[in-house]
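# kindly generate the corresponding structure for this input.
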Amino acid sequence: MPKIKKKQQSSSSESDSGPEDRNQPVSKKAKNSAAPAPPAAKKSASGGSGGDGATTWTLEKMRMVKINEFRGRKMVDIREHYEKNGEILPGKKGISLSILQWKKLLELAEEITQAVES
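Predicted structure coming up:
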């Protein structure tokens, strides 16, 4: 019998909660639409620093090393880039190293080179 009571309660509550459920996804969509906005801002900020020739080095055609600042920390960003509408933008493939990680990599560079050559 409790199942029947739940069904009756849920049917009456479904009619009440229907509009509430509809309003909640709208707010989630608003959150989702707000979430893509910050990455767009990040892209425009990195695009602005891309004009600095002093902080960008090209490894190959579209592989570049940049010095970026993220949350107040300097990072060494090694990343593939792509061209869209005549503008070169950073891609997903890449890595950002903290200054400590970068220094550690430089310390290990000789060892890594020897391992690669042997």
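# give the contact list for M62.
Applying Cβ atoms under 8 Å, 6 or more residues apart in numbering, we find M62 in contact with E80, H81, Y82, E83, I88. Every residue, glycine included, has its C-beta placed from N, CA and C.
# where does the chain dip in pLDDT?
Scanning the chain for pLDDT under 70 picks out 1-54.
# give the buried residues for stretch 99-109.
For stretch 99-109, the neighbour count (16 or more other Cβ atoms under 10 Å) marks W102 as buried.
# use 56 as the first number for this chain going forward.
Will do, 56 is the new start, and the previous item becomes stretch 154-164.
# neighbouring contacts of that stretch?
By Cβ under 8 Å, 6+ apart, the list of residues contacting stretch 154-164 reads R128, K129, M130, V131, L152.
# show me what contacts the closest residue to the last one other than its chain neighbours?
If you skip the residues right next to it in sequence, L152 has V131 as its closest partner in space, 4.7 Å away by Cβ to Cβ, 6 or more residues apart in numbering. Contact analysis of V131 by Cβ under 8 Å, 6+ apart lists V120, K121, I122, S151, L152, I154, Q156, W157.
# mind listing what the helix or strand harbouring V131 pairs with, with the direction of each?
For V131, the host element (DSSP states H and E) is strand 128-139. According to DSSP bridges, strand 128-139 forms sheet pairs with strand 118-125 (antiparallel), strand 142-153 (antiparallel).
# got the CA coordinates for the shortest one in CSV?
Output in CSV follows, covering the C-alpha atoms of strand 118-125 (Å, rounded to 0.1, in the frame of the first residue of the first chain):
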residue,chain,number,x,y,z
ARG,A,118,54.3,24.3,-31.8
MET,A,119,55.3,27.1,-29.5
VAL,A,120,56.7,27.9,-26.1
LYS,A,121,55.2,30.8,-24.2
ILE,A,122,55.5,32.4,-20.8
ASN,A,123,52.0,32.9,-19.4
GLU,A,124,50.6,34.0,-16.1
PHE,A,125,47.8,31.9,-14.6
